[in-house]
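Participant: this is the structure alone, sequence omitted:
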């Protein structure tokens, strides 16, 4: 079967990205392009772009291919990749690490959004951008300054892009979402739990999430994200939290 839906998904090597890619590939109508430094998936409907999202010059050259599409399919960009970075109080951070964290968490996703909307401006099919945000972008968390700020920025970039699409491309606007997935059992949580209490006073709470089985499985998050991707018109808001759906 020739795929009808094409997905560009960052961060497919672990966590939510890996779970979502596998879920998408269960349908022969879907083709997934993974974007990231590592390739973990082998599948006939999977292609991979090796790209370090911290290398912004390379990200700026990323090309969304339109040659295979007839206009009757869906094209989707999912900005999922993220890095927590240094879990330290402001005043103790390293400038180069701050820059890298903003690059991966905010600048690269924004560049990809820009290139996606440019490439598919005249595309006749369905167009969706789904950014994986975080509750940390909506509530301040000690020692996560750049992560919180980047996710807040991603929320706002999503709001602006959606407003522009609805206002200036009303004939066939792209839908834009920024979705907080909740507290998920990913490698990022491993990093948090290993932080020293003097650098992150809430570390015991996050250790408790793991001990008490309170973390959400990435597969469950992927299933909820699929509901949004399959029926984007069912969701009016740009900013979503899976815990509220």
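Facilitator: Sure thing, it's come through. Given the structure is predicted, the values throughout are model-derived calculations rather than measurements.
Participant: tell me which helix or strand comes right after the lowest-mean-pLDDT helix or strand in the chain.
Facilitator: Least confident helix or strand of the chain, by mean pLDDT, DSSP states H and E, is helix 187-193 with a mean of 92. Sequence order places helix 203-211 as the next helix or strand after helix 187-193, per DSSP states H and E.
Participant: related to what we said a few turns ago, tell me which strands and helices the least confident helix or strand of the chain is in contact with?
Facilitator: helix 203-211 (3 or more CB pairs under 8 Å, 6 or more residues apart in numbering; DSSP states H and E). Heads up, the C-betas are built off the backbone N, CA and C, glycines and all.
Participant: center of this structure, which residue is that?
Facilitator: Residue closest to the average C-alpha location in the chain (CA atoms, centre = their mean): residue 80, at 2.1 Å.
Participant: was I right to think residue 183 contacts residue 214?
Facilitator: Yes - in this structure residue 183 lies within contact range of residue 214 using CB atoms under 8 Å: 7.1 Å.
Participant: burial measure for the residue lying closest to residue 83 once chain neighbours are set aside, as a count.
Facilitator: Distance criterion CB to CB, 6 or more residues apart in numbering; nearest residue to residue 83, sequence neighbours excluded, is residue 104 at 4.9 Å. Look at residue 104: counted by other CB atoms under 10 Å, it has 22 neighbours.
Participant: what's the answer for the one 10 residues further on, then?
Facilitator: Burial measure for residue 114: 13 neighbouring residues, criterion other CB under 10 Å.
Participant: just to revisit the earlier point, quick one: which of residue 183 and residue 214 has more around it?
Facilitator: Counted by other CB under 10 Å, residue 183 and residue 214 do not tie: residue 183 has more neighbours, with 17 against 13.
Participant: show me what contacts the nearest residue to residue 221 once chain neighbours are set aside?
Facilitator: Nearest residue to residue 221 in three dimensions, chain neighbours excluded: residue 181, at 4.7 Å (CB to CB, 6+ apart). Counting by CB atoms under 8 Å, 6 or more residues apart in numbering, residue 181 makes contact with 16, 132, 134, 216, 221, 224, 225, 242.
Participant: surely the fifth one forms part of a helix?
Facilitator: The one in question is residue 221. Yes - under the criterion used here (DSSP: H, G, I helix; E, B strand; the rest coil), residue 221 sits inside a helix.
Participant: quick check, it in contact with residue 182.
Facilitator: Yes - distance between residue 221 and residue 182: 7.2 Å, which falls inside the contact criterion (CB under 8 Å).
Participant: quickly list what's touching both of these two.
Facilitator: Taking CB under 8 Å, 6+ apart as the contact rule, the neighbours common to residue 221 and residue 182 are residue 242.
Participant: of these two, which one has the most company?
Facilitator: residue 221 (23 against 17).
Participant: and the more buried one, what's its pLDDT?
Facilitator: You'll see residue 221 listed with a pLDDT of 98.
Participant: separation between it and residue 19?
Facilitator: Separation of residue 221 from residue 19 (CB to CB, to the nearest Å): 7 Å.
Participant: residue 226 falls within a helix, correct?
Facilitator: Yes - counting by three-state DSSP, residue 226 is located in a helix.
Participant: what's the burial count for the closest residue to it other than its chain neighbours?
Facilitator: Leaving out its chain neighbours, the residue that sits closest to residue 226 by CB to CB, 6+ apart is residue 23, at 5.8 Å. By other CB under 10 Å, the residues close to residue 23 number 19.
Participant: over to residue 166?
Facilitator: The burial count for residue 166: 14, using other CB under 10 Å.
Participant: the longest helix along the chain packs against which elements?
Facilitator: In the chain, taking DSSP state H as the definition, the longest helix is helix 145-168. Where contact means 3+ CB pairs under 8 Å, 6+ apart, helix 145-168 is packed against helix 95-102, helix 108-119, strand 126-132, strand 175-180, strand 239-241.
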